[in-house]
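S.K.: Sequence and predicted model, in that order:
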Amino acid sequence: MRKTVRLAAVALATGLSSTAWALPWNIDMADSASVKAYEQAMAVLPDGVMSQSNLLTPISYRRNWTLTGPDVNNLTAEMVLGEAFDMKDAAHIAKGAVLYNTYCVPCHGDGVNLGPVGQPGRYPAVAVLAGDAGRLNKVSDGWVYLTVRNGSLSTLMPGYSFALSDGEIWSLISFLRSETVLKGTTYVPPVTAPAATTGGTP
């Protein structure tokens, strides 16, 4: 009889108290600090950070430039990569096509018709890349490289250095300039007027 009473008392006590079933871990679950997803702003990547294709041979630092700097239009793949890079190489163009379809199509579509993200009512002012009204034929390779790497001046387009290595970005530019799919993307530098001369004829 006593055993039955004890069991009944234990069952009653534990049945009425959720704490008895949950101790000791419920204290940590209830009182620990928690942060909901996207409750805090994501940290910005340090300057010079680039995605790397091989973690066994990491590159400790990559020089960065700014879109408003004087060297933008003079940047080449060789300057950035430190080695020869053939912009017309079929392998680079093919790799760039894959990267374009992965990272660029959602916003820029086929270059003329914007993708789903750039449709009316969504993100405004997504750039048209190809054709007569496209932006690519008006900006240098260096401008395209830095825009992809660091993001646009308007900050509408984010930087993709977290996902693309320098070599991948230049492969993407190879595809953009190849005009195999996107037409009217060849950059034509503006013609500068010759400097005025002073003085008479010799």
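M.R.: The structure has been received and is ready for your questions. On a predicted model such as this, the values are computed, not experimentally measured, just so you know.

S.K.: Just want the most central residue of this protein.
M.R.: The chain has Tyr160 as the residue nearest its centroid, 1.9 Å off, counting by CA atoms, centre = their mean.

S.K.: Not counting its neighbours along the chain, what's nearest it?
M.R.: Excluding the flanking residues, the one nearest Tyr160 by CB to CB, 6 or more residues apart in numbering is Val148, at 5.5 Å. Every residue, glycine included, has its C-beta placed from N, CA and C.

S.K.: name the element that neighbour belongs to?
M.R.: Secondary-structure element containing Val148, defined by DSSP states H and E: helix 141-150.

S.K.: helices and strands around that helix, which ones?
M.R.: Where contact means 3 or more CB pairs under 8 Å, 6 or more residues apart in numbering; DSSP states H and E, helix 141-150 is packed against helix 166-178.

S.K.: can you give me the helices for the protein?
M.R.: Secondary structure of the chain (DSSP state H): helices located at 2-16, 18-22, 25-31, 77-81, 90-99, 105-108, 141-150, 166-178.

S.K.: Now tell me what touches the shortest one from outside.
M.R.: Contact with helix 105-108 is made by 114-118, 123, 126-129, 157, as judged by CB atoms under 8 Å, 6 or more residues apart in numbering.

S.K.: isn't Val112 right up against Leu136?
M.R.: No - with contacts counted by CB atoms under 8 Å, Val112 stays clear of Leu136, the gap being 11.2 Å.

S.K.: what residues are shared contacts of these two?
M.R.: 129-130.

S.K.: Please compare these two by neighbour count and tell me which comes out ahead.
M.R.: Leu136 (25 against 16; other CB atoms under 10 Å).

S.K.: Quick one: residues contacting that one.
M.R.: Leu136 is in contact with 111, 129-130, 144, 176-177, 182, 184-185, 187, counting by CB under 8 Å, 6+ apart.

S.K.: Kindly report the same for Glu168.
M.R.: 51, 53, 95, 99.

S.K.: Tyr123 is in contact with Val117, correct?
M.R.: Yes - contact between Val117 and Tyr123 holds when scored by CB under 8 Å: they sit 5.6 Å apart.

S.K.: re the thing from before, which stretch in the helices of the chain is the model least sure about?
M.R.: Among the helices of the chain, helix 18-22 has the lowest mean pLDDT, at a mean of 52.

S.K.: Go through the contacts of helix 105-108 and single out the one with the most neighbours.
M.R.: Leu129 (25 neighbours).

S.K.: How many residues are close by Gly151?
M.R.: 16.

S.K.: Now do the helix holding Val148 against helix 166-178, angle only.
M.R.: Between the axes of helix 141-150 and helix 166-178, defined by axes from the mean of the first three to the mean of the last three CA atoms, to 10 degrees, the angle is 130 degrees.

S.K.: Gly96 versus the residue nearest to Tyr160, what's the distance?
M.R.: Per CB to CB, to the nearest Å, Val148 is found 11 Å from Gly96.
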